[in-house]
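Enquirer: Output the structure for:
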Amino acid sequence: MMKWAALLGLIALMAIAFFSGWVDRFDLAWIQDNRDTLQAWALERPVASVGLFVITYATCVALSLPIATLLTLLGGFLFGVWIGLAAVVTGATLGATAVFLIAQSSVGNTLRQRAGPLYQKVASHMQSNALGYLLFMRLVPIFPFFLVNIVPALFGMRVSAYMLATFIGIIPGTFVFVNFGQQLGEIGAVSDLVSPQMLVALGLLGVFVLIPTLYRHWTSHQRTAP
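Expert: Okay, here's the model as predicted:
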């Protein structure tokens, strides 16, 4: 029962965050209305503001709150491209790792105990090529971030590999939005920032990263084929 306590606690916090209504109030208009106050506070307390931002970002990612893009824009606006990028990537990696560890200790352990040969085969392949697959899923923006946090945990991916792939994989997309954040006052809607060209570019980068993994899989299959 104890291994489910963290998962149930996470779900309870998610429900509180959503039903309290504050997530709906935190939108682009609110950030733009309060940008001068936020920026003044960040300038007065640079270390504390970065630390609080990282903790807030990690918490929002762990709770799967749909405000990560807004926070990324805010990070770029408050701290500039490079500090904002480091703060966002660090917070996102910590939050995603928290979800990974909870899923691994609860759902993942239960699934591994009850799974059959097919699961073991898929899990073995995933573990041997985990870094490549997770980098692909992080880079290509068609996969929901929350789902990508959980899937590797179900197949026993190592925490170190998970954190490395998450940290590296979210850098390109994060850089784009952090850079947009410097023009926060000129943004009309978050959806305006996502262009087909950007999605294609990130998709191609993800495919490029996946090529070595696919090649290893193909050569391994060729060696074992009769």
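Enquirer: ok, longest helix in the chain?
Expert: helix 68-103 (DSSP state H).
Enquirer: just checking, what packs against it?
Expert: Contacts defined by 3 or more C-beta pairs under 8 Å, 6 or more residues apart in numbering; DSSP states H and E place helix 68-103 against helix 2-20, helix 28-33, helix 35-44, helix 46-62, helix 145-154, helix 159-169, helix 171-181. Every residue, glycine included, has its C-beta placed from N, CA and C.
Enquirer: measure R35 to W41 for me?
Expert: Separation of R35 from W41 (C-beta to C-beta, to the nearest Å): 11 Å.
Enquirer: What of V50?
Expert: Here V50 is placed at a distance of 12 Å from W41 (C-beta to C-beta).
Enquirer: ok, those two, which is more surrounded?
Expert: Between V50 and W41, counting by other C-beta atoms under 10 Å, V50 is the more crowded of the two (20 against 15).
Enquirer: thinking again about what came up before, tell me what angle the longest helix of the chain forms with helix 159-169.
Expert: With axes from the mean of the first three to the mean of the last three C-alpha atoms, to 10 degrees applied, the angle from helix 68-103 to helix 159-169 works out at 170 degrees.
Enquirer: tell me the mean pLDDT for helix 68-103?
Expert: Average pLDDT, helix 68-103: 93.
Enquirer: Ok, stretch 29-40 next?
Expert: 90.
Enquirer: now swap in stretch 45-65 and tell me
Expert: Mean pLDDT, stretch 45-65: 94.
Enquirer: in that stretch, what counts as buried?
Expert: Neighbour-count burial for stretch 45-65 flags 49-50, 53-54, 56-65 (criterion: 16 or more other C-beta atoms under 10 Å).
Enquirer: Same check on stretch 145-152?
Expert: 145, 148-152.
Enquirer: Stretch 66-79 now?
Expert: For stretch 66-79, the neighbour count (16+ other C-beta under 10 Å) marks 67-79 as buried.
Enquirer: and what of stretch 158-178?
Expert: Buried residues in stretch 158-178, defined by neighbour count with 16+ other C-beta under 10 Å: 162, 165-178.
Enquirer: before we move on, back to that, could you redo the helices and strands packed on helix 68-103 as TSV and give each row distance to I102?
Expert: Below are those laid out as TSV (distance: least, C-beta to C-beta, whole Å):
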stretch	distance to I102
helix 2-20	5
helix 28-33	29
helix 35-44	31
helix 46-62	8
helix 145-154	8
helix 159-169	12
helix 171-181	23
